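J.: Provided below for reference: sequence and predicted model.
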Amino acid sequence: MKALIFDKPKKPLITQVQTPVIGDNEVMIRSRRVGICHSDYELLAGQYIIPISYPVTPGHEWVGEVVEVGKNVSSLGEGDRVVGECVIQTPERIHHFGFSMDGADREYFAARPEWLHKLPDAVDDAQGALIEPLTCGYYAVLRHGGVDASQTVVVSGGGTIGLVSAAAAIGMGARVIVVDPVPLRRDIAMKLGADGTVDPLDGDPVETVKEMTKGGADLTVECAGHPASLANVFDYTRDDGCVSMVGINISQKFPVELGKIQIKNLSVKGCIGSPGVWPAAIRFLERTGLDLSPIQTHTYGLADALKALDIGRDPEKAVKVTLEIA
């Protein structure tokens, strides 16, 4: 079968690999759509938050179809459309799907039903391929109990995770403002239903946010991991407000006035991944009817995966690049 593999750092290949054989407790999945994530580029560069080895097949944002079921599996059947969690407990170790074990950027793969979730009919494949990032944004908003129509949320950083965080808050009824310097991202935020956007390079973003929110956000979700964004999130937030820290910035040091956490009586929580929220996030997407499709800016076939990787590097032109495999 055909697959995208990272043969070694900085060397992606489209090649033929052996089609897997499932065990009695597994199902065979035919990949349908797989999103390219920023962390895939880190993997390609030879960097990730846990030890990795090569060659490896990436792809952790996926939707697929069950085409074969092991004899001990009763929870899934042929034809079921499914998505899968990324952090997987196996008998040997905890794996990160698409990183420490081969992912979904191939025509078929074996999976265990414990880390799969059925998609409802109302959620199509395009939306399904965004479930994984949506769970991260949904979790970031839920970290402080969620929001409602009485509240204002500021999302700092309008990449995929920022946009799905905004979508989650919009789906909960909140007023949402997205801060990002890239016009494409600000335009997509408005298509998702944001109430406004801010270009942080056009004047003082803190003063603009304070004016738009009449004093500050009830919840600020930091999704950029950029020093300028990280330095401003406490100022974007009102007294007694909340901050969810999602953007990743490892080993870089820069000055931030941490005393504002105390002075403003802020509640600040870090967010990593989306533990325990997948079923709820899928129901949320189905019942709210949110349309996440504006986030998917480009779609390519598996044969053009190398071109897709190149396009996805340019934040001015692309947000979510998706591979359509079957």
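T.: Okay, I see it. Residues are numbered from 1 along each chain as shown.
J.: Show me the shaky parts of this structure.
T.: Along the chain, no part satisfies pLDDT under 70.
J.: hmm, try it at 80
T.: Per-residue confidence for the chain (pLDDT under 80) gives these ranges: 90-91, 250-251.
J.: quick one: the helices in it?
T.: Applying DSSP state H to the chain gives helices spanning 38-45, 125-128, 131-142, 160-171, 183-192, 205-213, 227-236, 259-263, 278-288, 305-312.
J.: quick one: contacts for Ile311?
T.: Going by CB atoms under 8 Å, 6 or more residues apart in numbering, Ile311 touches 298, 300, 317-318, 321. C-beta: built from backbone N, CA, C; applies to glycine.
J.: what two of the residues you listed are the furthest from one another?
T.: Within these, Tyr300 and Lys317 form the most distant pair, 13.6 Å apart (CB to CB).
J.: Between the two, tell me which one has more neighbours.
T.: Using other CB atoms under 10 Å as the criterion, Tyr300 and Lys317 rank with Tyr300 on top: 18 against 13.
J.: Any idea how many residues pack against the nearest residue to the more buried one once chain neighbours are set aside?
T.: Computed as CB to CB, 6 or more residues apart in numbering, the closest residue to Tyr300 that is not its neighbour in sequence is Ala308, at 4.1 Å. Residues lying near Ala308 (other CB under 10 Å) number 21.
J.: With Val66 instead?
T.: Counted with other CB under 10 Å, the neighbours of Val66 add up to 21.
J.: excluding its backbone neighbours, what's nearest it?
T.: Spatially, and ignoring its direct neighbours in sequence, Val66 is nearest to Asp80 (4.5 Å; CB to CB, 6+ apart).
J.: who's in contact with that neighbour?
T.: Asp80 makes contact with 65-66, 118, according to CB under 8 Å, 6+ apart.
J.: With Glu316 instead?
T.: Applying CB under 8 Å, 6+ apart, the residues near Glu316 are 182-184.
J.: try 10 Å this time
T.: Glu316 makes contact with 181-185, according to CB atoms under 10 Å, 6 or more residues apart in numbering.
J.: Val34 against Gln296, yeah?
T.: No - under the criterion of CB atoms under 10 Å, Val34 makes no contact with Gln296, lying 11.7 Å away.
J.: one step back: Throw the contacts of Glu316 into CSV and include neighbour count and distance to Asp125, thanks.
T.: Output for the contacts of Glu316, formatted as CSV (neighbours: other CB atoms under 10 Å; distance: CB to CB, whole Å):
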residue, neighbour count, distance to Asp125
Pro181, 20, 32
Val182, 17, 27
Pro183, 12, 28
Leu184, 16, 23
Arg185, 23, 24
